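Asker: fold the following, please.
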Amino acid sequence: MANPELVGARFHDCPSGWACDIINNNNIKAINLEGSGIERFQHGSGETLATAIAAAYSEQEPWFGYYWAPTSVLGKYPMVRVDVGAHDPEAHACNGTPDCATPTLSAYPTAKVKTAVSGTLTEREPEVVELMSNVSFTNAQMGEVLAWQADNNASYDEAAVYFLTNNKDVWSNWLNAEAKEKLSALLQ
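Answerer: Numbering: from 1, shown residues only. Here you go, the predicted model:
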């Protein structure tokens, strides 16, 4: 990096012992980030990592580092993902080992969330299973709900109502016409 001061000359990293610790360390080696004048700073916990984001945002300071989604933190603070290129499964596998001989920059893989149900539920509640197979939302959408929940000290039920009230364009595609009409009436 030609101007490490633009990002505060620091890469905020996950705590030692987390899987991301090893992966990020190898990504940092692959691009010689520290040789570019950017210090790798490992936080002692996920909470201090989140607090660093909040403090930087509050003080309008740069923040450069690793964080995952969806979370209330990324739902609350607008961040920009740094494009490090495509995910390379072989490079990522090597980067996940402490003794990786050839660290290579690789994006993290996109994690898919899957819903599993029992066969008895499928037989007993086919409409619920159909609904669950339609449920889909982005990290940003979930992050926004999690941020609202954290800011309002809300319960999971309250967060669900918040989501339904504010995201009809998302959930309306999950339901059949009758269910959509009933839920819309409840939310008015």
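Asker: helices along the chain, start to end?
Answerer: 19-31, 46-58, 72-76, 89-95, 119-124, 126-134, 139-151, 156-166, 168-171, 177-186 (DSSP state H).
Asker: quick one: average pLDDT of the last one?
Answerer: In this model, helix 177-186 has a mean pLDDT of 93.
Asker: just stretch 47-58 next, same as before
Answerer: Mean predicted confidence for stretch 47-58 is 97.
Asker: how about it: buried residues?
Answerer: Residues of stretch 47-58 classed as buried: 49, 50, 52, 53, 56 (neighbour count, 16 or more other C-beta atoms under 10 Å). C-beta: built from backbone N, CA, C; applies to glycine.
Asker: out of the residues you listed, which one sits closest to residue 165?
Answerer: Minimum distance to residue 165 across these is 26.3 Å, recorded for residue 50 (C-beta to C-beta).
Asker: you'd agree that closest one is up against residue 75?
Answerer: No. With contacts counted by C-beta atoms under 8 Å, residue 50 stays clear of residue 75, the gap being 11.5 Å.
Asker: quick one: residues contacting the spatially most central residue of the chain.
Answerer: Closest to where the C-alpha atoms of the chain average out (C-alpha atoms, centre = their mean) is residue 69, at 0.5 Å. Going by C-beta atoms under 8 Å, 6 or more residues apart in numbering, residue 69 touches 139, 140, 142, 143.
Asker: mind doing that once more with 7 Å?
Answerer: Residue 69 is in contact with 139, 143, counting by C-beta atoms under 7 Å, 6 or more residues apart in numbering.
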